[in-house]
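S.K.: how does the following fold in three dimensions:
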Amino acid sequence: MYVNTKRHSIKCIFRGHLTGEKALADMLHSSDWKLITTFKTRYIERLRQYYYVGGMPEAVAKFTENYNFQEVREIQKELLITYEHDFSKYAPSGIVPRIRMIWNSIPGQLARENRKFIFGAVRHGSRAKDYGQNSMFNSNLAVPKNM
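M.R.: Numbering: from 1, shown residues only. Below is the predicted model:
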């Protein structure tokens, strides 16, 4: 599976790329805040769609075809599996299990109020030094601070 990593931004929603509602996008550009406020619920709905669909081109394309969230979720799952398989392609085989443990702990780590990555949550009693160079954090991985 080829993964196109060019993300779609939130602007795509408001330009109507995801929803076919170009009028909403045009309204935003007009800065007519009274009129925009009357469509507040539709803007919020489009923003929620973007939160769920995200910006991956394949998921966006599928969503624009039929607005089916289940199909989008299947694509997202396939992408996550593809990323996980890539660990084996690009990392030495001895460290792949540790990378997978870190990868699998990320959703739980992001769900915490404290945004610090805690290696003890990856495996009970583990510390950063246990992962050393194996850590994805020694690469270009960045976790947003304000989500």
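
S.K.: when you work out contacts or count neighbours from here on, use the C-alpha atoms and nothing else.
M.R.: Fine.

S.K.: which parts of the protein are helices?
M.R.: For the chain, the helices defined by DSSP state H cover 10-14, 22-30, 33-38, 40-53, 57-66, 69-90, 96-110, 128-131.

S.K.: how close does the residue most central in space within the chain get to residue 104?
M.R.: A centroid search over the chain (Cα atoms, centre = their mean) returns residue 54, at 5.7 Å, as the residue closest to the centre. According to Cα to Cα, to the nearest Å, residue 54 and residue 104 sit 20 Å apart.

S.K.: still on that earlier bit, quick one, phi/psi of the residue nearest to the centre of the chain?
M.R.: phi 80, psi -160 (degrees, to the nearest 10).

S.K.: what's the pLDDT at the residue of the chain positioned farthest from its centre?
M.R.: Ranked by distance from the centre of the chain (Cα atoms, centre = their mean), the top residue is residue 34, with 32.5 Å. With respect to pLDDT, residue 34 has a value of 92.

S.K.: looking only at pLDDT, what's the mean for stretch 59-69?
M.R.: For stretch 59-69, the mean per-residue pLDDT is 86.

S.K.: okay, buried residues for that stretch please.
M.R.: 59-63, 67 (16 or more other Cα atoms under 10 Å).

S.K.: swap in stretch 67-81?
M.R.: 67, 72, 75-76, 79.
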